[in-house]
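1. sequence-free structure coming up:
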Ligand SMILES: Cc1ncc(COP(=O)(O)O)c(C=O)c1O
Ligand SMILES: N[C@@H](CCOP(=O)(O)O)C(=O)O
């Protein structure tokens, strides 16, 4: 399998190099040259398989030609053996046609673990084979950071630097990042928003000499391997609900557009997904886009679902690439205009194409509290604020005869204040994090400044060749 950049001018790479490269050298995002296809018969043959076996089958084609291909089934089995639920991503029924897909049974209690626990192991395997080191730089609004630090801590072949917006995560999210006691793991509070952190990361990648000197790679969903691993649970849910012989739609709480893009990728691979409802909080740039075809940046506003406090959704570029028929020059022009003017638009024909699959939805903070309260009263389920935005979006989407699945992206205990406000009960952290508030915190603080970040990485990374 070969991968091409959405901007069209970076080298075409195989899986192992895409994993280690993260962002393409022309500033684009890697996508597979063609989609592996699963026929209805193939899908029926996958029904009833364990999570690990299904994951191996779904991801296998993306690794064709990889050095880890033979070891991949073992790596996948080991990855998901460490989750707290035997089903890994269990489904719960909320209503006649409404289901919740719980994605928070990994070590840091968010859907990011599903992909990042695998990425940590894949990095290890490929780097050991190549006998080299990496420097990972990532941005987080809260959940990617903790999952990535947990997945990469104490790995001998890499250093990891995670930038988070100071004061804009929940306390649990911050502590999950700052209490990781590992020499190779660095949590950095940045004076700014998640978008500022993501811009710093991309700017560091654009500094080619620095990138090469330190061997930069990514753990955000700009890294194709993240998307690949997230595709799996859409197959798991749809097959469990009867696909390919039953229609399924998904409502996906969305920020960086990685999770919902993974759903789109599953659809491109033959999974019969009817519709994708893109659920936003008050940072509703995507909801506005789906209404009118105009992507216009606004200010990032803090909300009760802080992981979705994002305006620039990186993975939308992957969808644009498809919409332009794989025209890298056009994607480059649109992205350049977006960075320059904070705006781009799609014409009516392209917007209609998008609308065949996607629709947008927004929910403000009072609506989020009301949804947590109502779902608990009706079903007993306690939702975190992000999942509540998703469930409200799923209810708005509901179509008779179509199973609608809402993604529960984080455990309610990561956002105890909002949950307590809604239900009167403070959710407890699961046992593996029970002493989180007693662990000592360690973090760096940096201004929103590329040179300061460059200096920090230079001072703390071991570089490419150290053992
Ligand atoms: C709990 C939670 N929900 C939703 C999202 C949004 O997902 P994505 O950025 O893949 O769109 C995030 C962050 O990624 C998250 O941490
Ligand atoms: N909500 C995310 C933002 C980054 O998303 P990613 O999927 O691109 O890593 C977070 O929790 O950090």
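-> Structure received. A quick note: this is a predicted structure, and the numbers were derived from the prediction, not measured. Ligands and ions are numbered 1, 2, ... in the order given.
2. what's the neighbour count on residue 299?
-> The local packing count at residue 299 equals 8, with neighbours defined by other C-beta atoms under 10 Å. Quick note: C-beta positions are derived from backbone N, CA and C, even for glycine.
3. in a helix, it, correct?
-> No. In this structure, residue 299 is coil, not part of a helix, as judged by DSSP: H, G, I helix; E, B strand; the rest coil.
4. look up how far residue 214 lies from it.
-> 32 Å (C-beta to C-beta, to the nearest Å).
5. name the helices or strands packed onto the longest helix along the chain?
-> Counting by DSSP state H, the longest helix found in the chain is helix 112-130. Judged by 3 or more C-beta pairs under 8 Å, 6 or more residues apart in numbering; DSSP states H and E, helix 112-130 is in contact with helix 15-21, helix 72-81, strand 134-139, helix 143-152, helix 224-240.
6. go again using 7 Å as the cut-off
-> helix 15-21, helix 72-81, helix 143-152, helix 224-240 (3 or more C-beta pairs under 7 Å, 6 or more residues apart in numbering; DSSP states H and E).
7. most tightly surrounded among those helices?
-> Ranked by average neighbour count under the criterion mean count of other C-beta atoms under 10 Å, the helices and strands packed on helix 112-130 are headed by helix 143-152 at a mean of 28.
8. contact partners of that helix?
-> The contact list for helix 143-152, computed with C-beta atoms under 7 Å, 6 or more residues apart in numbering, reads 107-108, 110, 112-113, 116-117, 119-120, 136, 138, 158, 160, 162, 164, 173, 176-177, 180, 185, 187, 219-220, 307, 410.
9. and the residues you listed near ligand 1, which?
-> 110, 307, 410 (C-beta under 6 Å from any ligand atom).
10. from these, which has minimum pLDDT?
-> Ranked by pLDDT, these bottom out at residue 307, which has 95.
11. doesn't it fall inside a strand?
-> No. With three-state DSSP as the criterion, residue 307 is assigned helix and is not in a strand.
12. picking up where we left off before, in the longest helix of the chain, what counts as buried?
-> Neighbour-count burial for helix 112-130 flags 112-127 (criterion: 16 or more other C-beta atoms under 10 Å).
13. next, the angle from that helix to helix 143-152.
-> 40 degrees (axes from the mean of the first three to the mean of the last three C-alpha atoms, to 10 degrees).
14. on that earlier part again, among the ones next to ligand 1 among the contacts of helix 143-152, which one sits closest to residue 234?
-> Nearest to residue 234, judged by C-beta to C-beta, of these is residue 110 at 17.0 Å.
15. about what we covered before: of all the helices and strands packed on helix 112-130, which one is nearest residue 431?
-> Taking the helices and strands packed on helix 112-130 one by one with C-beta to C-beta, helix 143-152 is closest: 15.7 Å.
16. and the average pLDDT for the closest one is what?
-> 98.
17. any chance of JSON lines for the helices and strands packed on helix 112-130, columns distance to ligand 1?
-> Below are the helices and strands packed on helix 112-130 laid out as JSON lines (distance: least, C-beta to the nearest ligand atom, whole Å):
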{"stretch": "helix 15-21", "distance to ligand 1": "18"}
{"stretch": "helix 72-81", "distance to ligand 1": "19"}
{"stretch": "helix 143-152", "distance to ligand 1": "3"}
{"stretch": "helix 224-240", "distance to ligand 1": "8"}
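18. of these, which approaches residue 331 most closely?
-> Of the helices and strands packed on helix 112-130, nearest to residue 331 by C-beta to C-beta is helix 224-240, at 15.8 Å.
19. contacts for the helix or strand following the closest one next, please.
-> Note on helix 224-240: by DSSP states H and E, the next helix or strand toward the C-terminus is strand 248-253. Here strand 248-253 makes contact (C-beta under 7 Å, 6+ apart) with 234, 238, 241, 259-260, 263, 273-279, 308, 386-387, 389-390, 393-394, 397, 399, 402-407, 409.
20. cool, and stretch 449-467?
-> 132-133, 135, 137, 159, 161, 186, 188, 200, 203-204, 210, 214-215, 444, 446.
21. repeat that with 8 Å
-> With contact meaning C-beta atoms under 8 Å, 6 or more residues apart in numbering, stretch 449-467 is reached by 132-135, 137, 156, 159, 161, 163, 184, 186, 188, 200, 203-204, 207, 210, 213-215, 444, 446.
22. check those for burial and list the buried ones.
-> Using 16+ other C-beta under 10 Å, the buried members of these are 133-135, 137, 159, 161, 163, 184, 186, 188, 200, 204, 210, 214-215, 444, 446.
23. roughly how far apart are residue 284 and residue 308?
-> 10 Å.
24. quick one, which of those two is more surrounded?
-> residue 308 (27 against 22).
25. surely the more buried one touches residue 280?
-> Yes. With contacts counted by C-beta atoms under 8 Å, residue 308 reaches residue 280, the gap being 6.5 Å.
26. overlap in contacts, those two.
-> Shared contacts of residue 308 and residue 280, counting by C-beta under 8 Å, 6+ apart, come down to 254, 389.
27. so which helix or strand takes in residue 44?
-> Counting by DSSP H and E, residue 44 is found in helix 40-46.
28. quick one: contacts of that helix?
-> Here helix 40-46 has contacts from 38, 54, 57-58, 235, 239, 243-245, 270-272, using C-beta under 8 Å, 6+ apart.
29. now these in TSV, with pLDDT and distance to residue 71?
-> Shown next, in TSV, are these (pLDDT from 0 to 100; distance: C-beta to C-beta, whole Å):
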residue	pLDDT	distance to residue 71
38	98	23
54	98	18
57	98	16
58	98	17
235	98	22
239	98	25
243	97	30
244	97	30
245	96	34
270	98	27
271	98	26
272	97	32
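30. just the buried members of the residues you listed?
-> Buried among these (16+ other C-beta under 10 Å): 38, 54, 57-58, 235, 239, 243-244, 270-271.
31. could you pick out the residues of the stretch 1-150 of the chain near ligand 1 for me?
-> 110, 142-143.
32. low-confidence ranges, the stretch 201-350 of the chain, go.
-> For the stretch 201-350 of the chain, no stretch has pLDDT under 70.
33. quick check: angle from the strand or helix carrying residue 454 to strand 134-139?
-> Assessed by DSSP H and E, residue 454 sits inside helix 450-460. Put simply, helix 450-460 runs at 140 degrees to strand 134-139, going by the same axes, to 10 degrees.
34. before we move on, back to that, can I get the residues of the stretch 1-150 of the chain next to ligand 1 in JSON lines with distance to residue 369?
-> Output for these, formatted as JSON lines (distance: C-beta to C-beta, whole Å):
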{"residue": "110", "distance to residue 369": "20"}
{"residue": "142", "distance to residue 369": "19"}
{"residue": "143", "distance to residue 369": "20"}
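35. closest to ligand 2 out of those?
-> residue 143 (3.3 Å; C-beta to the nearest ligand atom).
36. tell me what the nearest residue to that closest one once chain neighbours are set aside is bridged to.
-> Spatial nearest neighbour of residue 143, chain neighbours left out: residue 110 (3.9 Å); criterion: C-beta to C-beta, 6 or more residues apart in numbering. On the basis of DSSP bridges, residue 110 is bridged to residue 410.
37. does the helix or strand hosting residue 160 come close to ligand 2?
-> If you go by DSSP H and E, residue 160 is part of strand 158-165. No. Strand 158-165 lies out of reach of ligand 2 by C-beta under 6 Å from any ligand atom, never closer than 7.6 Å.
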